[in-house]
Every structure is written in structure tokens, then in C-alpha cells.
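Novice: Take this sequence and fold it.
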Amino acid sequence: MKVTQEKLEHSRIGLQIEVTGDQTTKYYERAIKNLTTNANIPGFRKGKIPRQVVLQRMGQTQVKAMALEALLEPSINEAIKQEAVPAIGNYQITSNFDELLQNYTPGQTLTFGATVDVPPSVTLGTYTGLVVKAEEIVYEPAQVEDFIDRQRREKATIIPVVGRAARLEDIAVVDYNGKLADGTEISGAQADDFDIELSEGKFISDLVHGIVGMSVGETRNVNVVFPADYAREDLAAQPAIFKVILKDLKEQELPSLDDDFAKEASDFDTLTEYQESIATRFQEQAQKSTDQNIITALETALIDVAEADLPETLIERETMNILNQMANQFSQYGMDVNKHFTRETIPKMKENCRTDAVNNLKQQLAIAEIAKKEGIVVSDEAIVAKMSEVLPQLAGENIDENRLRAYITEDLQKEQTLAWLKDHAKVELVPQGSLKPAEDDEETSAGEAEAIDIMAEAAD
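Specialist: Prediction:
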């Protein structure tokens, strides 16, 4: 088989494939044999149809079409193998089928064209000394106090309040009935013996503060304005009046903040040790978050450093990876994935995620190329250690250890390469919240956010 290669844009290889006369005859004869064996022609038993009858009834053009259809795919696969073309994805035939059919003569050579996608190469700009900004997450000692306070409240004892009016942090037992300002009763805004924790964020703020100061047995009309972002759109920003009867009042008696509390809440013997362990945990979390912000900034910077002529096959695969990850997330949230991922929504979602897919691929290619240029190689010890860590978590699953090893190797190489980039970058740490939201959000990209909006519209 004679094959001529041509390098095309978008990381494709064009192939001109010349099929020998022996092969064109082989597939033509095979098509006739298939018809004589399987065709249903009145007056002839199946499998006993003479060759000439098949040609007369079916016509030579139809027979040649069947032969040509059967010939193309194996010829392309043989050409790819013969030329050692690192093909990815499916091939595309570039020759017109009708013209091929006209030129197809059994026993004579046939030439046709095809293209295949191949792995792209990447051209890197200057990647050492990258200048990036990243938000610094700062540990605040108040985090320890807040954490311990929540622990104490979880272990608090509820006791009755005697001899005073309601105040913030109490638990009020009330009957209430809500009406709009025009007197229309609000559906679902009625309850008896209902416990309301008088804390910010636990209930409608105006109602919480309206109950503060009430005494047990007192009835009060509380003016309320529902929040603008209230879950029920028909009530959002609406004024209302709640008739409230305070029937009982309770408070939380917090455990003493001492060594006994530390022993009950943790594995430590003293309160000081417990507080220090929590402080250490928050400090480590803050540093880890800061480091991740730096890595994210570096990955984003690589998009501008790398140039790659990406094949459509890879873009399509990465786009589907993004959508699959989103589907898994929505499934975990208890959403009906089939309801949101439909024939109508998926094309638009893919379009919106395309930029993210391209950027992801550029980052991956840049990281792999930097690792190659800088000689960053993952040691066997590191791979074995990570395998030992991961395999127990996958116990009982059908795991291809070779594929797992390849994935772990790639992941560790990425980790080491990004660490190298961080060591050779100029990083400016800025206060938390000072960068624009698109850089803030590590979980949802712009394309993913648009896709979520599309699914929300579909749900409506």
C-alpha cells in the first residue's frame, strides 16, 4: 500500500492512500459473494443465486458501492499502522464517495484521501519568572473561638428561662400567623408551638428581632419585610405582619470552657492543647488555600504562555469531561441529571464550555512540555507510595492498575511541575477578596456557570 502524508492545521495529518488492484478485486468479489449468499431474490434459493443474476438484479454500481464501503475503513487502519501515525479519534474521508465510486474498477488501483487527528505539539513562551497575583488566606485567631463556641453550643443543655424577657440566642416557643400588608393570609406562614432560635441567619431577621423583648404569654404584631433574595419569589421584598404569641422561652446553658470540656470534645487532656491543635489546623488550612490560589494563578498564566494547534478530537473529549464532571456534581446534589442534560441543552452547554476545554488542554500540554524541558521525572518510589495510598480506597472495584499507575504518574508530574513553576515565579499575595470573582472561584469556570444557567432555564 502506498501512502503519502501531509501535515495539516489543527494537528491533523492528511493521507493519500493508494489501494492495490488485488485489494479492489478482493473487496468486489467479497461483496458479490455476500450477495449470492444472503440476498433474497424471487425464484432462487437463498445461498444458491448465480453471480450473473446478482449483477443483473442489483446492478454493478450497487455492488461496487458495497465493496467500496467495506474497503475504506480497513484501508485507512492499515495505512495508519503502516505509517505509524499516532492517530487519536476517528478518521475523516476527504474524497467524494460518488467520485470514488466512478473511479472504482476491480483489479485497478484506487486512491482516496483521509485525515486523522494526531497529538498536538505546544510552543512555549517564557515560563520562568511568571508574574502572578494570588489571594492570601490569613489565619485569624477568632476562628478558634468561633469553632469552640460552636462545639459548646452542640453540647449545650437547654434550660427554661425564668424572670426575664426574650433576648438574642434564646429559643422562643411561639404560635405565629403571617399576613401580607393588605391582610392576605400567607400560605405556609402559620405554626403552633414552633421553636425559633433567636439568632441571625436562623429565621427572618425582622421576626427574630421583633420577638426579642417579649415576655412569656405576650402577644405582639411584628412588622416584617421579607428579604429580597427570599426563596419564595412571591414573598421576596414583600412587607408583612406576623401575629406572634410567645408561649415559652428557653436558653442554652453552655458547658464550662475548661479541661473537662476539652476531654469531652477531643482527644486532648487540656483546654490549652485543644485550642493549640485547632489553631494549627486553621493555620494549615489557610496556608493550603493560599498555596492553591498560587497554583491556580500559575495555571491560568500558562494559558497565555502556551500556543497549540488543538485537534477537534481533543477539544470534544475535554468538553465532555467537563460536562461529565458537572453531571456528577449535580447528581451528588440530588438533582435529576437526565432532566437537565437533554438534547436541547447539551449543544449549548458544550458551546459554552469550549473555551474552558481549550484552556484546560493548553495548560496540560504546557505542563507536560515544561516537565520535559526541565527534566522533571516522577520517581518510582513516589509512584509506589501513591499507589499504596490509593489502592485501599478502591478495594472491591475492578481496577486496571496499569491505567491507574499512568494516571498517578501524570498527576504527580503535574504536581511537581507546578511546584517548580511556583519556585521560579514572582508571586504577589493580595488580600482575600481583592481579585475579581472569576479568579476567586476555583470550582466553577465561566463556561460551567453559563451551562448551569442553561440547565436552570431548562428546569423552569
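Novice: where does the stretch 201-350 of the chain dip in pLDDT?
Specialist: The stretch 201-350 of the chain contains no residues with pLDDT under 70.
Novice: Quick one: the helices in it, in order.
Specialist: 205-211, 259-265, 271-305, 312-332, 337-340, 346-374 (DSSP state H, counting those that start in this stretch).
Novice: how about JSON lines for the ones you listed, with distance to residue 103 and mean neighbour count added?
Specialist: No exception for glycine: its C-beta is placed from N, CA and C like everyone else's. Compiled in JSON lines, the helices of the stretch 201-350 of the chain are given as follows (distance: least, Cβ to Cβ, whole Å; neighbours: other Cβ atoms under 10 Å):
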{"stretch": "helix 205-211", "distance to residue 103": "80", "mean neighbour count": "18"}
{"stretch": "helix 259-265", "distance to residue 103": "83", "mean neighbour count": "15"}
{"stretch": "helix 271-305", "distance to residue 103": "46", "mean neighbour count": "17"}
{"stretch": "helix 312-332", "distance to residue 103": "29", "mean neighbour count": "16"}
{"stretch": "helix 337-340", "distance to residue 103": "47", "mean neighbour count": "14"}
{"stretch": "helix 346-374", "distance to residue 103": "37", "mean neighbour count": "19"}
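Novice: quick one, what contacts the residue nearest to residue 426 when sequence neighbours are not counted?
Specialist: Spatially, and ignoring its direct neighbours in sequence, residue 426 is nearest to residue 131 (4.7 Å; Cβ to Cβ, 6 or more residues apart in numbering). Residue 131 makes contact with 301, 425, 426, 428 under the criterion Cβ atoms under 8 Å, 6 or more residues apart in numbering.
Novice: next structured bit after the helix or strand residue 176 falls within?
Specialist: Following DSSP states H and E, one finds residue 176 within strand 171-180. Next along the chain after strand 171-180, taking DSSP H and E as the criterion, comes strand 185-197.
Novice: what's next to that following strand, contact-wise?
Specialist: So strand 185-197 is contacted by 169-180, 202-203, 207-208, 211, 235, 240, 242, 247 (Cβ under 8 Å, 6+ apart).
Novice: what's the distance between residue 162 and residue 216?
Specialist: 9 Å (Cβ to Cβ, to the nearest Å).
Novice: any idea how far the residue nearest to residue 426 is from residue 425?
Specialist: Here the criterion is Cβ to Cβ. By it, residue 131 lies 7 Å from residue 425.
Novice: ok, now residue 297?
Specialist: 9 Å.
Novice: before we move on, what about residue 216?
Specialist: For residue 216 relative to residue 425 (Cβ to Cβ), the value is 63 Å.
Novice: With residue 194 instead?
Specialist: Residue 194 is 56 Å from residue 425, by Cβ to Cβ.
Novice: With residue 272 instead?
Specialist: Note on residue 272: its distance to residue 425, by Cβ to Cβ, is 39 Å.
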